[in-house]
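just need the structure, nothing else, for what follows:
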Amino acid sequence: MNTLFAARTEARNKFEANRNLRIGSEELQSSLVHAEEVAKFLRENVVQGQAADPEGESYKLRIHEHTERGDNEDIKKGKGKSTLGGTKCCSS
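Residues are numbered from 1 along each chain as shown. Next comes the predicted model:
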């Protein structure tokens, strides 16, 4: 819940900071496009999870119709390649 509230607060702060942008301005358009892209990413790539057992070894995830579902083939293709963060991914 803390993460959810922090995300909401950050989004609200960004919208408030841009409240005075002029309608039709390029800056307003780029801000709206950015907000839409962030919303799409969050909707498709972030899921809520809750510990399913007292030890926290397994989790129940809330996956919905908008959650992006890939297959392991995408992961296998990138085996051993660097990620954007520069660390190795999926190497054996």
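
buried sites along the helix or strand harbouring A35?
Assessed by DSSP states H and E, A35 sits inside helix 26-45. Residues of helix 26-45 classed as buried by neighbour count (16 or more other Cβ atoms under 10 Å): S31. Placement of C-beta: from N, CA and C, glycine included.

mean confidence score for it?
Averaged across helix 26-45, the pLDDT comes to 90.

what helices or strands is the helix or strand that that helix is followed by leaning on?
Remark: after helix 26-45, the chain's next helix or strand is strand 48-51, criterion DSSP H and E. Under the contact criterion of 3 or more Cβ pairs under 8 Å, 6 or more residues apart in numbering; DSSP states H and E, strand 48-51 touches strand 59-62.

which residues sit against the strand it packs on?
47-52 (Cβ atoms under 8 Å, 6 or more residues apart in numbering).

how about CSV for those, with neighbour count and distance to A6 added?
Putting those into CSV (neighbours: other Cβ atoms under 10 Å; distance: Cβ to Cβ, whole Å) gives the following:
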residue, neighbour count, distance to A6
V47, 12, 17
Q48, 13, 14
G49, 11, 17
Q50, 9, 18
A51, 11, 20
A52, 12, 25
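
and for N2, the neighbour number?
Per other Cβ atoms under 10 Å, the neighbour tally for N2 reads 6.

how far away is it from R19?
26 Å (Cβ to Cβ, to the nearest Å).

follow-up on the earlier one: could you redo the contacts of strand 59-62 as TSV and give each row distance to K60?
Output for the contacts of strand 59-62, formatted as TSV (distance: Cβ to Cβ, whole Å):
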residue	distance to K60
V47	10
Q48	9
G49	7
Q50	5
A51	8
A52	5
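
ok, now which ones touch the most centrally placed residue in the chain?
The chain has L42 as the residue nearest its centroid, 3.6 Å off, counting by Cα atoms, centre = their mean. Residues in contact with L42 (Cβ under 8 Å, 6+ apart) are A7.

just to revisit the earlier point, how far out from the middle of the chain is the helix holding A35?
Centroid separation between helix 26-45 and its chain, computed with Cα atoms, centre = their mean, to the nearest Å, is 11 Å.
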